[in-house]
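Chemist: Just to be clear, the model below is a prediction. Sequence and coordinates:
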Amino acid sequence: MNMAERAGRLMEFRRIPVSSQGQVTLPKAIRERLGVTAGGTQRITIFVKSDGIIVIEPEPTVNELFGILKTTTPTSPANIRELRGAMVNERIQGRGYDTKEQD
């Protein structure tokens with residue numbers, strides 16, 4: 001395992017083989033550090049920055065996202081007729097038609 005100091009943080013460099021199909025296996029230590037379990041349904045996101053640095057992050061689970069959106073006003077139950085009407089109007093507008101009623 002090679003270690004290098006970059007931007008004030010200690011980083012690990014590992015040589016990971018790439019299969020003939022372009023696949024890589026994240027070593028156990030990296031999966032543990034990311035909190036990703038092998039064989040699970042969890043996914044990771046890979047970003048390639050403009051300077052060539054690759055960032056790997058675990059996607060948040062539904063349980064981790066629960067409750068992050070807060071409303072400032074109380075919400076009322078949706079009216080199904082209003083929702084359907086809005087969806088129809090959106091489709092009509094998407095096809096280039098005007099949804100405003102003619103006088």
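Modeler: That came in fine, so what should we check first?

Chemist: Helix or strand with the lowest mean pLDDT in this structure?
Modeler: strand 2-6 (a mean of 49; mean pLDDT, DSSP states H and E).

Chemist: Quick check: closest non-adjacent residue to the residue nearest in space to the middle of the chain.
Modeler: Residue closest to the mean C-alpha point of the chain, counted by C-alpha atoms, centre = their mean, is Glu59 at 5.5 Å. Leaving aside its sequence neighbours, Glu59 sits nearest to Arg43 (C-beta to C-beta, 6 or more residues apart in numbering; 4.7 Å). From N, CA and C alone the C-beta is placed, and that goes for glycine too.

Chemist: re the thing from before, does the residue nearest to the centre of the chain touch Ile46 like I think?
Modeler: No - Glu59 is not in contact with Ile46 according to C-beta atoms under 8 Å; the separation is 10.7 Å.

Chemist: returning to what we had before: distance of the residue nearest to Glu59 from Arg95?
Modeler: Arg43 sits at a distance of 35 Å from Arg95 (criterion: C-beta to C-beta, to the nearest Å).
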